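> The following block contains a protein sequence and its predicted model.
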Amino acid sequence: MPTRINSTLLYLLNASLIAWVALTVANANADEPILKPNYSKTAIFDGETLNGWLAVPAQCASDWKVENGVIVGTGTQKRLSYLAWNNQNLTDFDLSLSYRLHGKGNTGIEVRSQSDPSGKRPLIGYHADLGHPGIGKHILGAWDFHFTNRKEHRCDRGTSLVINLSGEATRTKLISPVQPNDVLPDQWNQVRIVARKNHLKFYINGQLSSEFTDNHSNCQFNHGGIGLQVHDPGMKVEFKDIYLTEVSIPAPQPPPNVLLIAIDDLNDWVGCLGGHPQASSPNIDRLAKRGTLFTNAHCQAPICNPSRTSIMYGLRPSTSGVYMNAPKPWTVAGLKKNVTLSRHFATHGYKTYTTGKIYHTSGLPEGDFDVVGPRPGQRLKIDQRLIAPKKEGANGLWDFGAQLYDENLFQDHQTASWAIEQIQAHETAKRTSANPQATKPFFMAIGFYRPHVPFYSPKRIFDQIPLDEIELPLVKPGDRNDLPAIASELMVAQAAPDHAWFVQSSNWRRAVQSYLSCIRFTDEQVGRLLDAVYQSKLADNTIVILYSDHGFFLGEKERWAKQSLWERATRVPFIIAQPGGNKGQVCSKPAELLSIYPTLIELCGLSPRNELEGNSLAPLLKDPEAPWPHPALTTHGKDNHSVRTGTHRYIRYRDGSEELYDLQNDPNEWNNIASQREMETIKSQLRKQIPLKNAEPAIGPQRRKRNSSKQ
Ligand SMILES: [Ca+2]
Ligand SMILES: [Ca+2]
């Protein structure tokens, strides 16, 4: 906590004489609506005196006084006048205060401020601008760059600015920034400034106004002071309720390794989620015991390509325009400059590995990983076809049953074996190195293929679940009668056989048996990976995250596969286990796979990225009951969205039709209560969570070519 210093003493000090002590940059911390309780919030204005504050330049001391419990700044001359807080070495912090601007004028808050070596200005640094309402977006709610030796980047109200290493800027619009009429003239308004490493955010009255990430090498300020400003002669501004919360998280040393385990098409039929009474997954369950299990976690798209794109690019489908299994995201012009999760780790000194299915069809953006292992695909030449073709148009992958060949030849066994070799080689290299600290940490993304179709597993596993004991999912007759027409049309999985075929051909029970068997086999492979990490020294320094790209229907609602906005297709297993973190935690707050990217940034101390749309789950890893206002959103095709809260699911389709389910009383989502009059209030609240942006479906290179040849 900063020490209070008598203002007279400070008055005698020229600000330029204050030694600026460079501190180690604190760890990145993604934006959090509420700070964790272990950071102390300090009132830095006592309501009576200017103790701890310093007028800069000293000649303007008469511009600042305390009256009726508030700081009053008056513009007396044509000059910049500041009231600076005495701690000049703030790195990462939250600053909140109230201000009231009488009439017209221009004020603001200098942050990471330092004395100007050229003497041109009283202070230099980043400046959160606060002019009177109506003054324009380049002042009210904008960031200024008050530096002497670098470009003044415009970061107007409503802007998200990223400055790259060489000082070039790119700007995007914020989705719902503060509006001019949200700022009240002549009345108290709230300001909050969040400074995390090189990422600074500026809020007015609870709404984000503008933000920037400053990567400009050697130019950014990673520490400094705080200064209240009076800009114009004749103006009057008041400040009160000034609170500072210093945030300092030491960067993890050495940086942790990351093992990402992606499973394909695994719904909530795992032991720890209890989605099916015969589900067995002792290894996934033991990972849950090492960390936090999110029991209300959902994919952002209920199909491979858009879900995996969302995870690796950190964007919602409604922003990227990648809604279906084409195009591949790295062929989309608008996404080519985006930095994927693995590349972001690579730029922070990580060695990156992958094997199996991380992106759809096992494809990869060029150069996305340093070391790439086998990616054999969904079906092997060795696989025997077991069930006769089902319907015209049904995808040839639809097959199921036991395969009799050597278990070591199964795709997922090979995937795990390759990953284990890399993990062991890394551990050996580090252990035998003369300088273990110089060994790069790893980021390893491992993608298992099963239980995606074909549902093949070794006979040993298959025989564990006798066919006549299989319990089928519950189906309510007439369940679909209360659905809007668009739901039935949109939620047909073209590649899957009809439910009627499974029933009439007596294959329903066998398909469920096969799916459950695949889960058990994949779980065994997860177990082998976990042993490689947890039975070695890497256990103390490796974060393990396990997820499935989306869920899967096996007859519920008389349908099969994914491609729907209902619970069985959106709910996924999702576990984060970090060394030193809380063990055996269960968190029932709505969680999104989109959060993987920002969460890893926070846990590993990487630089934040403005474009990421997910919320870091770090607060929930510390306290699963922490305030969490975010629902989990799932999007299927343009402008069809589901909003999942702790209690309800609201679906709104592009034609405006709706569904609403009370999951607490109706866990199978049998009763669509959207048309009940008393649901209007909850529907209107949930509707507000739907993304405002609904990008046109992205076009890949082939489509573009065809289109251009037509013109
Ligand atoms: Ca999938
Ligand atoms: Ca129904």
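Ah, there it is. Ligands and ions are numbered 1, 2, ... in the order given.

> how close does the closest residue to Glu658 other than its chain neighbours sit to Asn694?
Computed as C-beta to C-beta, 6 or more residues apart in numbering, the closest residue to Glu658 that is not its neighbour in sequence is Ala674, at 4.2 Å. The C-beta positions use only the backbone N, C-alpha and C, and glycine is treated the same way. When distance is defined by C-beta to C-beta, to the nearest Å, Ala674 is 20 Å away from Asn694.

> what's the answer for Leu123, then?
From Leu123 to Asn694 the distance is 43 Å (C-beta to C-beta).

> how does this protein divide into domains?
According to the domain assignment given by automatic domain parsing, the chain is divided into the following structural domains: 7-247, 257-618+628-687.

> Pick out the shakiest of those domains, pLDDT-wise.
Averaged per stretch, pLDDT over the domains of the chain is lowest on domain 7-247, reaching a mean of 83.

> circling back: comparing Leu123 and Asn694, which residue is more hemmed in?
Looking at Leu123 and Asn694 with other C-beta atoms under 10 Å, you find the greater number of neighbours at Leu123, namely 24 against 18.

> mind listing what the closest residue to Ala43 other than its chain neighbours touches?
Excluding its sequence neighbours, the residue lying closest to Ala43 (C-beta to C-beta, 6+ apart) is Tyr243, at 5.7 Å. Residues near Tyr243 by C-beta atoms under 8 Å, 6 or more residues apart in numbering: 41-44, 94-97.

> about what we covered before: JSON lines for the domains of the chain, including distance to Pro701?
Formatted as JSON lines, the domains of the chain follow (distance: least, C-beta to C-beta, whole Å):
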{"stretch": "domain 7-247", "distance to Pro701": "23"}
{"stretch": "domain 257-618+628-687", "distance to Pro701": "5"}
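
> Now do the residue nearest to Ala43 against ligand 2, distance only.
50 Å (C-beta to the ion, to the nearest Å).

> did I read that right, that residue in a helix?
No: when DSSP: H, G, I helix; E, B strand; the rest coil is applied, Tyr243 is found to be strand, with no helix at that position.

> wait, which of the domains of the chain is closest to Ala698?
With respect to Ala698, and counting by C-beta to C-beta, the nearest of the domains of the chain is domain 257-618+628-687 at 3.5 Å.

> quick one: that closest one near ligand 2?
Yes: remark: domain 257-618+628-687 sits within contact range of ligand 2 at 479, 482, 670, by C-beta under 5 Å from the ion.

> ok, and does that domain reach over to ligand 1?
Yes: on the criterion C-beta under 5 Å from the ion, domain 257-618+628-687 is in touch with ligand 1 at 264-265, 304, 549.

> Endpoints of that domain, how far apart?
End-to-end span of domain 257-618+628-687 (C-alpha to C-alpha, to the nearest Å): 39 Å.

> Helices along the stretch 601-711 of the chain, start to end?
According to DSSP state H, counting those that start in this stretch, the stretch 601-711 of the chain carries its helices in the segments 618-622, 680-687, 701-710.

> Repeat that for the stretch 351-500 of the chain.
Taking DSSP H, counting those that start in this stretch to define them, one finds helices in the stretch 351-500 of the chain at 411-432, 459-462, 485-490, 499-504.

> Just send those helices back as JSON lines, with mean neighbour count too.
As requested, the helices of the stretch 351-500 of the chain are arranged in JSON lines below (neighbours: other C-beta atoms under 10 Å):
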{"stretch": "helix 411-432", "mean neighbour count": "18"}
{"stretch": "helix 459-462", "mean neighbour count": "18"}
{"stretch": "helix 485-490", "mean neighbour count": "14"}
{"stretch": "helix 499-504", "mean neighbour count": "15"}
